[in-house]
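S.K.: just a sequence and a predicted model for now, questions to come.
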Amino acid sequence: MTDVSPNNPLAEAAPSAPPTSQMQDIWRQFKQHKGAVMGGGFLAFITLFVLFGPFIWTLEATKLDIRAKDMRPIIWGIWDGDAKIGWNHPFGTDQLGRDLLSQMIEGGRASMAVGWAAMVLSLLLGTAVGVLSGFFKRLDFILMRFTDLMLSLPLLPILLVAVTLFRERLSQTFGIETGMFILIVSVVGITSWMQTARIVRADVLALKEREFVLAAHSIGTRPGKIIMRHLLPNVLSPIMVSATLGLAVAIITESALSFLGVGFPSDFPTWGKLLADAVQRMDLYPERVFLPGLMISLTVLSVNYIGDGLRDALDPRMRGR
Amino acid sequence: MLTFTIRRLLLSIPTLLFISLAIFMLLQLSPGDPMSQVPLTVPPDVKEKMREALGLGQPVYVQYWKWLVQFFWIEPQVFIDWATANTWWAGWLPDTSFAEGKLRVISWQTRGPVMDLVIQSLPQTFWVVGMAYVVGVAIALPIGIYSAYRHYSVFDQAGTFITMVGFSIPPFFTGPLLIWIFAVQLGWVPSKYNTVLEVVDWDTFVMQLKQMVLPVMVLALQTTAQISRYMRSAMLDNLKQDYVRTARAKGLKEGVVVMVHVLRNSMIPVITVIALGIPSIFGGAIITENVFAVNGLGYQLLIALFASDIPTVMTFTFIFAILIVLFNLIADVLYGVLDPRIRYD
């Protein structure tokens, strides 16, 4: 006797696997993008490195030790037996004897904090502008003209001007480090929300005409509720993709400002600042340029790869291929 | 199309005015005092007079209006005067003197007209940036075309990886890196850009070429990374279309199909991206110019900013704004011209 009788339709259509949720599908697709997975791994590693680094490597980043100045990284010992190296400073020290490893950790903390905060700020602004102008017809024209205007501003010069102008005032109010942090986060956030706003607006415009929004309207749901319950969850995927791009842009912008000498003060290391300070003596100590530069580049590269992977994973047309 | 262009041109005037107002208001908040470098022995009442001479005592709207008049009315007059006196194309006209005795935009650093600084630095920026852009695009297009044609091949994988890396490495890292490799270690090229070098014979030409290589490479890397990605995805979109199958079916050669049919259709979005990318590369040029000490717009802007030389910062930032608005306009118009399906009116 056969297992499946021809008149039993249920036995035929037995699913081979339990049903998967959307999140599982996205995760499966994301896992197939090797670059994205490696990028995610590296970003997690860097984040843990800067978060918990100071507890493991307890040497203070700003501690001067003039007797141990200009030490090379430990790896120099492989090809240069006379190099001044030591396990107490595995990445070497700078011209004032400050430990490079702890400086990298501290600098990473500042760069990552600025990057994340500026990215969140620009996402909030961009989503708000995009949803408002997509959902309310009356606001659309003026908000989109404003977005166009912001897009035609020369951003880097304006950033430079804004940071130089407000530095003193905010430093006096909040103290130099907090002041600079607030200033850089806000100027980077305020000047980078436009792309998100445009993408979100386009999506909201399309979603607004769908039946489920009409249904929500017809049972008397208030606009605020519709936005929160029905629209925002549906525009989450483009927002996540632009979040990754935003993080990369924010980290690069902060480092560029520090590099041009308008960022954080020099005793407050960030990756960009470390790189800029090391450029003058690059011919003698190139590793001091390479280390922070490599950190910035690798972080941005991994963030960009995550964005690539997310874009593929969140696109239902790409999924399952 | 013409009406659209004219409408966009007219629309860009209020945009530019608004941008100039925004920059001006931002600079009004500046704590920097142009009198800070005047010696302390100068008595306060003299200082007050110097301030007035710079127009600092005036209300904000008067200062803004004066800047507008100086930039949009008097500077063109100066240009016309110069053109009728010195150039071959307008020199035959009687010499004019529209701008004689009129106040121009004066830099607080050099006490000379800001426009002289612009004239000095604009060619440097255009040379380096323009050359970098041309080189970048020239490298990017073949890479994009070939990686799309051989989708998922080794070349495609490598190309995608390299463009991703080029996209991610900031110019303030590639700059020092290339200097260290090619100038310090190998000694092939100078590490700094010599702005006063004049090309008179073969040797100086080679010298000029050598010193331009590094800044151009740094800027071109960013361009190449971006444009080749766009080119690749545009080609991929078009290679799947039905008209490609039709073209192959009627027996056209593969070269003709790809290089004529597909390429022409793929170039439409790419050309827009190329035009739109020009303003952002000027932004990138600020960093590159500072790495290599090229005496261009961005370098001058940073110097003026640190000297709190407000009129220069204002004018230079505004020139960046003009470039951006101009190239956005060109991109929009080009898109309409190249793609007959797009009609704006």
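M.R.: Thanks, I have it. Numbers count the residues shown, from 1 in each chain, chains lettered A, B, ... in the order given.

S.K.: regarding the chain, what is its longest helix?
M.R.: Went with chain A since none was named. Taking DSSP state H as the criterion, chain A has its longest helix at helix A:100-135.

S.K.: correction: the question concerned chain B.
M.R.: helix B:202-239.

S.K.: whichever helix or strand comes after that helix: how far from the chain's middle?
M.R.: Downstream of helix B:202-239, the next assigned helix or strand under DSSP states H and E is helix B:242-249. A distance of 41 Å separates the centroid of the chain from that of helix B:242-249, by C-alpha atoms, centre = their mean, to the nearest Å.

S.K.: could you point out the helix or strand that follows helix B:242-249?
M.R.: Following helix B:242-249 in sequence, per DSSP H and E, is helix B:254-256.

S.K.: so how far is that following helix off the chain centroid?
M.R.: 36 Å.

S.K.: still on that earlier bit, briefly note if the longest helix of chain A comes near chain B.
M.R.: No. Applying C-beta under 8 Å from any C-beta of the partner chain, one finds helix A:100-135 out of contact with chain B, separated by at least 11.7 Å. The way it works is simple: take the backbone N, C-alpha and C, and place the C-beta from them, glycine included.

S.K.: okay, buried residues for that helix please.
M.R.: A:100-112, A:114-123, A:125-127, A:129-135 (16 or more other C-beta atoms under 10 Å in any protein chain shown).

S.K.: so what does that helix touch, helix or strand wise?
M.R.: helix A:34-56, helix A:137-151, helix A:176-190, helix A:194-208, helix A:236-259, helix A:271-279, helix A:287-314 (3 or more C-beta pairs under 8 Å, 6 or more residues apart in numbering or on different chains; DSSP states H and E).

S.K.: can you pull up the most central residue in the chain?
M.R.: By default, I'm working from chain A. Centroid-nearest residue in chain A: A:Leu247, 2.0 Å away (criterion: C-alpha atoms, centre = their mean).

S.K.: hm, I was asking about chain B
M.R.: B:Phe282 (3.4 Å).

S.K.: can you give me the distance of the residue nearest to the centre of chain A to A:Asp308?
M.R.: 13 Å (C-beta to C-beta, to the nearest Å).

S.K.: list the contacts of residue 202.
M.R.: By default, I'm working from chain A. A:Gly134 (C-beta atoms under 8 Å, 6 or more residues apart in numbering or on different chains).

S.K.: you answered for a different chain; I wanted chain B.
M.R.: So B:Trp202 contacts nothing (C-beta under 8 Å, 6+ apart).

S.K.: model confidence score at it, please.
M.R.: On pLDDT, B:Trp202 comes in at 82.

S.K.: what's the answer for B:Val137, then?
M.R.: 90.

S.K.: and the one 4 residues further on, by the same measure?
M.R.: The per-residue pLDDT reported for B:Leu141 equals 89.

S.K.: hmm, back to that, could I get the helices and strands packed on helix A:100-135 as TSV with mean pLDDT?
M.R.: TSV is the format used below for these (pLDDT from 0 to 100):
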stretch	mean pLDDT
helix A:34-56	86
helix A:137-151	86
helix A:176-190	85
helix A:194-208	88
helix A:236-259	86
helix A:271-279	84
helix A:287-314	86
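
S.K.: right, and those - which one's nearest B:Asp201?
M.R.: helix A:271-279 (33.5 Å; C-beta to C-beta).

S.K.: packing partners of that closest one?
M.R.: Packed next to helix A:271-279, using 3+ C-beta pairs under 8 Å, 6+ apart, are helix A:100-135, helix A:236-259, helix A:287-314, helix B:171-178.

S.K.: distance to B:Lys250 added to the ones you listed, as JSON lines?
M.R.: Shown next, in JSON lines, are these (distance: least, C-beta to C-beta, whole Å):
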{"stretch": "helix A:100-135", "distance to B:Lys250": "45"}
{"stretch": "helix A:236-259", "distance to B:Lys250": "40"}
{"stretch": "helix A:287-314", "distance to B:Lys250": "35"}
{"stretch": "helix B:171-178", "distance to B:Lys250": "47"}
